[in-house]
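Student: Curious how this folds, go ahead:
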Amino acid sequence: MVPIVRRPNGAWEASLQDHRETLETEAEVVEFEGRDGRVDLTALFAFLGKRDVQSALLEGGPTLAWAAVEADLVDRVVVYLAPSLI
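Tutor: Below you'll find the model as predicted:
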């Protein structure tokens with residue numbers, strides 16, 4: 001599943017536009033209302049809950065991680081630390 005922000009004119013974000021055909025044939029694309037140009041995580045997780053999804057791995061950096069924490073969507077945090085930086 002690929003969650004994207006619903007735009008008023010139905011257009012996709014420019015970075016996804018070049019891959020639209022592939023995404024629509026290879027994955028389920030689901031549009032959500034946006035919040036500050038980003039997918040509303042509360043709506044996304046409600047959608048996943050209705051599909052009986054019990055857990056999700058968030059990969060995307062500190063902005064996504066903190067948005068999930070602020071929205072009270074995080075029950076557990078697992079941190080992996082490498083022995084050295086690459």
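Student: Gly34 is in contact with Arg6, correct?
Tutor: Yes: here Arg6 reaches Gly34: they are 6.5 Å apart, a contact under C-beta atoms under 8 Å. Heads up, the C-betas are built off the backbone N, CA and C, glycines and all.
Student: who has more neighbours, these two?
Tutor: More crowded of Arg6 and Gly34, by other C-beta atoms under 10 Å: Gly34, with 15 against 12.
Student: which residues touch that one?
Tutor: 5-7, 40 (C-beta atoms under 8 Å, 6 or more residues apart in numbering).
Student: ok, now with 7 Å
Tutor: By C-beta atoms under 7 Å, 6 or more residues apart in numbering, the contact set of Gly34 is 5-6, 40.
Student: Lowest-confidence entry in those?
Tutor: Across the contacts of Gly34, the bottom pLDDT score, 73, is held by Arg6.
Student: Tell me who's in contact with that residue.
Tutor: 31-34.
Student: can you pull out the helices in the chain?
Tutor: Listed in chain order, the helices of the chain (DSSP state H) span 14-17, 20-26, 41-50, 62-70.
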